[in-house]
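Undergrad: A predicted structure for the sequence below; I have some questions about it.
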Amino acid sequence: MASIRSLPFVVQTKAESSLIPGSKSEHRLGFSFSTLRPRKFRTFDDLTTSGFSLCCDRALGGCSRGQLRRFKPVRVVGSPEGAGNDDPEDRLQATIEKSKKVLAIQRDLLKQIAERRKLVSSIRHSLDNQEDEVFDEQMDNSISSGDIATSRVDVGQNVNIPSQSGINPAVKEVTESLPSDEIGKESGKLMPSKKASPKINSSSKVSQSLPSDEVGKERGQILPPKKASSKVSESIPDEVGKEHGHILASKKASSKSDSFKATDSGAVKSDSLPSYLLSTSGTSSLRVEENEGLKGPSLEEVAGEVDDPVVEESKPPPLAGANVMNIILVAAECAPWSKTGGLGDVAGALPKALARRGHRVMVVAPRYGNYAEPQDSGVRKMYKVDGQDVEVAYFQAYIDGVDFVFVDCHMFRHMENNIYGGNRMDILKRMVLFCKAAVEIPWYVPCGGVCYGDGNLVFIANDWHTALLPVYLRAYYRDNGLMTYTRSVLVIHNIAHQGRGPVDDFHYVHLPEHYVDFFKLYDPIGGDHFNIFAAGLKTADRVVTVSHGYARELKTAEGGWGLHHIINENDWKLRGIVNGIDTKDWNPQYDVHLTSDGYTNYSLETVQTGKAECKAALQKELGLPVREDVPVIGFIGRLDHQKGVDLIADAVPWMMGQDVQLIMLGTGRPDLEQMLRQFENQYHDKVRGWVGFSVKTAHRITAGADILLMPSRFEPCGLNQLYAMSYGTIPVVHAVGGLRDTVQPFDPYNESGLGWTFDSADANKLIHALGNCLLTYRQYKQSWEGLQRRGMMQDLSWDHAAQIYEEVLLAAKYQW
Ligand SMILES: Nc1ncnc2c1ncn2[C@@H]1O[C@H](COP(=O)(O)OP(=O)(O)O[C@H]2O[C@H](CO)[C@@H](O)[C@H](O)[C@H]2O)[C@@H](O)[C@H]1O
């Protein structure tokens, strides 16, 4: 392990210029640990003179004396030399005062040292994970080289780490609880043993063996690090960028590059490999060597010296305990910035729950619009998409313990209202770019000053849009002995959309020829076709879907939509985890959409009055008769085959014979949109059909309606019924997938259950269930209130689901 001094960790944030002891924004590690040993002071005067001041100065990473003026009072207050008071009582008092202050300062320093020690330990562990035997062996597998060096990063000039992205507390904790020896113990059965020491010097050999002009060509590029060079560059691209303009590529990969060219194994098409597999430079290796020379005390030495029981006590261990990981969730949409449906909600909320468990968590999504919070990181990179070089930038924000990173590129811009729009090729190209960029983010985008690195890392990809990520992870990296400790989990939110096309589409995804087999799927009607979801399912280390019921359905010919064979073959790695809800966003007590226009926030205690107020406000807002006694039935969702809108249409004549009001909000198929408008026109005193996407209206319907209809033909999980129950709105649902898992049918004899269900996608069944529901609403008020209470009392938060996700991520991590 290189000494801590070999980590030239000088990533600076804006806040750093005002670096003061205790500042949370302080990110520097470029101090010498040798200065951190508690010194033995003979007298208090020793402490107050330059010796102590210098000690503080160095310990704080070179901050100026001016920045240490907080320490000055120690010298002044009660200072014997300044007092001129010979009274022994006063002097004793002054001495006591002074000693208290000095102790406070020491405690402060020890606290900071402990913090830094954790951060260093985290970095060290992350880097250690990359030092493995497997790398050596696997790199011997040939890969072809060619002209794939299309990636470019311009960092270092203007890396602008947003000030609010103060250091992610999880940065410090992620790997702290996984000391390298413990990993060894834990993974002893499953992982090959790690090498005790990194081969830092070997990178210099690589650089020597390269012609100088080749090195020169790489100027301005930061190449993904590996092995020795990763020690330096992975966490500090901007620093290295400033000094050298480039970072050394994997020495192994680089050293192999010539032989790749020579052997031309054909295993990987040259232009399908990332740039770093070929590129190298001598500069970084020199840097490593220089730093190697600066040996300081070991971390263990420092650790032994800075143990401070006060500090230890104040920090509870993360909920995930020793299992804390680096997690990067990658999704095509992420609420509140982008959302077309439930995937956006999940991408916005699950990561926060994982972060609450102590993981270091990032969300990666495209930047479709000019979002307020995320700041330009300054990092730029080029990727090839359909033969064109496309530049991407990365914007980031640190919110609720999560790093949100947005991939910016002209292909995504102004697509916020048309995320999946364009023709098949347009969306395919966008997702190719997105996945290529996402898989390399852990190297290039420093969050809170520190890149995630590829050790102890799990990607969570979502649906077909990001199902290429596990494939790229395998084809570009794992097959070549890189990112050995990185895993991928693919979450199925909806199998009906798969990223299908003719087999010829394969060349757009830019992969080695033999990878075509992962994508090829036989369709009884169309024959062989190209299927991105299929490839993702095969290559991901684990697969999750969003409920138990859907996990079962996916294995059937009906529910698997042609992928059931693959799902059955991979059953061992499939797990159903029921979605949670964001209890901050979707909570009647705090809902920001219920604070105006006559709506009101309410809780379990005030549900009867609060809901009545919201109902009246909703009726008024939509121009329906304001009547407390009439049951209001709501529907919110995409207008398509899945959501069973046509079943509602079939039931409308019956419904209109009842004294009810029906409010439908949705967008989607034009014929179904037209149908909504038509119902509103036809039954103007009873029906409102709102065609469009309105988050505010969705919240208000959820609060103001008495009943929520979800007659979905299939529903992987469904979030609206969960939102409804937490707002005291009673769901009437088709018992499929997650709807069956989450809505236990009402049992009037036992006064149990949460709503009404029907067992097939049939309008008559819907009518039957809704009829019973209306009867209870009208005639059994107590039962109704019981249903509301039970629904609202459930813990529907993400916390439980996050814990189960953690199990899956762990299983992936230890899967070899
Ligand atoms: N017109 C509109 N205006 C405003 N908001 C609207 C809206 N139409 C829908 N929404 C909102 O979009 C979300 C829809 O979530 P769902 O889980 O019900 O369905 P979706 O099919 O998109 O998600 C897929 O992924 C999720 C997440 O895993 C699974 O729960 C689900 O079963 C699966 O089909 C809800 O937040 C809803 O309020």
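TA: Looks like it arrived, so ask away. Residues are numbered from 1 along each chain as shown.
Undergrad: Could you pull up the contacting residues of residue 434?
TA: By CB atoms under 8 Å, 6 or more residues apart in numbering, the contact set of residue 434 is 330, 332, 366, 407, 412, 465, 466. The C-beta positions use only the backbone N, C-alpha and C, and glycine is treated the same way.
Undergrad: Next: residue 702.
TA: Listed by CB under 8 Å, 6+ apart, the contact partners of residue 702 are 586, 634, 636, 708, 720, 723, 724, 727, 729.
Undergrad: Enumerate the residues of the stretch 451-600 of the chain near the ligand.
TA: Contacts of the stretch 451-600 of the chain with the ligand, taken as CB under 6 Å from any ligand atom, map to 493, 494, 546, 579.
Undergrad: Could you dump those residues into TSV and include neighbour count?
TA: Shown next, in TSV, are these (neighbours: other CB atoms under 10 Å):
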residue	neighbour count
493	22
494	22
546	28
579	24
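Undergrad: can you redo these as a markdown table with pLDDT and secondary structure?
TA: Converted to a markdown table, those look like this (pLDDT from 0 to 100; DSSP: H, G, I helix; E, B strand; the rest coil):
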| residue | pLDDT | secondary structure |
| --- | --- | --- |
| 493 | 98 | coil |
| 494 | 97 | coil |
| 546 | 98 | coil |
| 579 | 98 | coil |
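Undergrad: Grab the two from the residues you listed that are most spread out in space.
TA: Taking CB to CB, the two most distant members of those are 494 and 579; they sit 12.2 Å apart.
Undergrad: Can you tell me which residues in the chain are near the ligand?
TA: So the chain meets the ligand at 341-343, 345-346, 493-494, 546, 579, 636-638, 665-667, 693-695, 698, 715-720, 738 (CB under 6 Å from any ligand atom).
Undergrad: same thing but 5 Å
TA: 341-342, 345-346, 493-494, 546, 636-637, 665-667, 693-694, 698, 715-720 (CB under 5 Å from any ligand atom).
Undergrad: okay, and for this protein, where does confidence drop off?
TA: Along the chain, the model assigns pLDDT under 70 to residues 1-87, 102, 105, 108-109, 111-314.
Undergrad: Return the backbone torsion pair for residue 328.
TA: When read as degrees, to the nearest 10, the backbone of residue 328 gives phi -120, psi 110.
Undergrad: hmm, who's touching stretch 784-804?
TA: Contacts with stretch 784-804, where a contact means CB under 8 Å, 6+ apart, come from 319, 349-350, 352-354, 356-357, 575, 577-583, 604, 607-608, 611, 722, 724-730, 746, 751-755, 776-777.
Undergrad: which residues of the stretch 401-550 of the chain fall in strands?
TA: Here the stretch 401-550 of the chain has its strands, by DSSP state E, counting those that start in this stretch, at 402-408, 457-462, 486-492, 500-501, 520-523, 527-531, 542-545.
Undergrad: Output those in JSON lines; the columns should cover mean neighbour count and distance to residue 658.
TA: As requested, the strands of the stretch 401-550 of the chain are exported to JSON lines (neighbours: other CB atoms under 10 Å; distance: least, CB to CB, whole Å):
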{"stretch": "strand 402-408", "mean neighbour count": "26", "distance to residue 658": "46"}
{"stretch": "strand 457-462", "mean neighbour count": "28", "distance to residue 658": "40"}
{"stretch": "strand 486-492", "mean neighbour count": "26", "distance to residue 658": "38"}
{"stretch": "strand 500-501", "mean neighbour count": "18", "distance to residue 658": "42"}
{"stretch": "strand 520-523", "mean neighbour count": "14", "distance to residue 658": "44"}
{"stretch": "strand 527-531", "mean neighbour count": "18", "distance to residue 658": "45"}
{"stretch": "strand 542-545", "mean neighbour count": "26", "distance to residue 658": "37"}
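Undergrad: Turn these into TSV, columns for distance to residue 595.
TA: Shown next, in TSV, are these (distance: least, CB to CB, whole Å):
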stretch	distance to residue 595
strand 402-408	26
strand 457-462	32
strand 486-492	34
strand 500-501	45
strand 520-523	50
strand 527-531	46
strand 542-545	36
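Undergrad: List the contacts of residue 386.
TA: 429, 432, 508.
Undergrad: With respect to the ligand, which of those residues is nearest?
TA: For these, the minimum distance to the ligand (CB to the nearest ligand atom) is 22.5 Å, reached by residue 432.
Undergrad: Wait, that closest one touches residue 509, no?
TA: Yes. Here residue 432 reaches residue 509: they are 5.7 Å apart, a contact under CB atoms under 8 Å.
Undergrad: if you count what's nearby, which of those two comes out ahead?
TA: Under the neighbour definition other CB atoms under 10 Å, residue 432 and residue 509 were set side by side, and residue 509 has more, 27 against 23.
Undergrad: Might one say that the more buried one is in contact with residue 433?
TA: No. Contact criterion CB under 8 Å: residue 509 and residue 433 do not qualify, at 10.9 Å.
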